[in-house]
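In: Build the 3D model from these lines:
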Amino acid sequence: MTTTATPAKTAAKPKKAAAPKKPKAEAVVATPEPTPAPAAAPAAKQKAEAKPKKEKKAKVIRDSFTLPEDDYARLSDLKQACLKAGLHIKKSELVRAGLRLLGKLEAEQLVAEMTALEKIKTGRPKSKDA
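Out: Purely as a prediction, here's the structure:
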């Protein structure tokens, strides 16, 4: 078998004519003229000062913790009591309210409440599959 080489297509494409280059325009830097301050500026300044400043929101931190079953049930009971009173709250709000109440206690009362708590092992419980 003989292979015949096919002639390569060598059709010459016409070249585009290069566009004539335009001379670059010189950059003219204009200096701005000072403008007189308008008479209404002091009034606008007073309005801005009279506006109350927005309070910066506290940064929210996500965390997790371990609770005994009866304390978790107590959270649920407190939520139900709040719902009966017409107040819809979240568990985190209950925890925050508890922190505020603990913060109002005297040192001796705080120590008594903290020592009355059952000590629990922290961390996640081991899975039953293992």
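In: Which secondary structure elements does the longest helix along the chain sit against?
Out: Longest helix in the chain, counting residues (DSSP state H): helix 69-84. Packing partners of helix 69-84 (3 or more CB pairs under 8 Å, 6 or more residues apart in numbering; DSSP states H and E): helix 91-103. Where you see a C-beta, it was placed from the backbone N, CA and C, and this is true even at glycine.
In: just checking, what packs against the helix it packs on?
Out: Counting by 3+ CB pairs under 8 Å, 6+ apart, helix 91-103 packs on helix 69-84.
In: How about the helix it packs on, which residues are buried there?
Out: For helix 69-84, a neighbour-count test (16 or more other CB atoms under 10 Å) marks 75, 79, 82 as buried.
In: what does stretch 86-94 give?
Out: Leu94.
In: Start and end of it, how far apart?
Out: Using CA to CA, to the nearest Å, one end of stretch 86-94 lies 15 Å from the other.
In: Tell me how far Ala107 lies from Lys51.
Out: According to CB to CB, to the nearest Å, Ala107 and Lys51 sit 43 Å apart.
In: same thing with Ser64?
Out: 41 Å.
In: can you map out the helices along this structure?
Out: For the chain, the helices defined by DSSP H cover 41-50, 69-84, 91-103, 107-116.
In: tell me the mean pLDDT over stretch 82-101?
Out: Mean pLDDT, stretch 82-101: 94.
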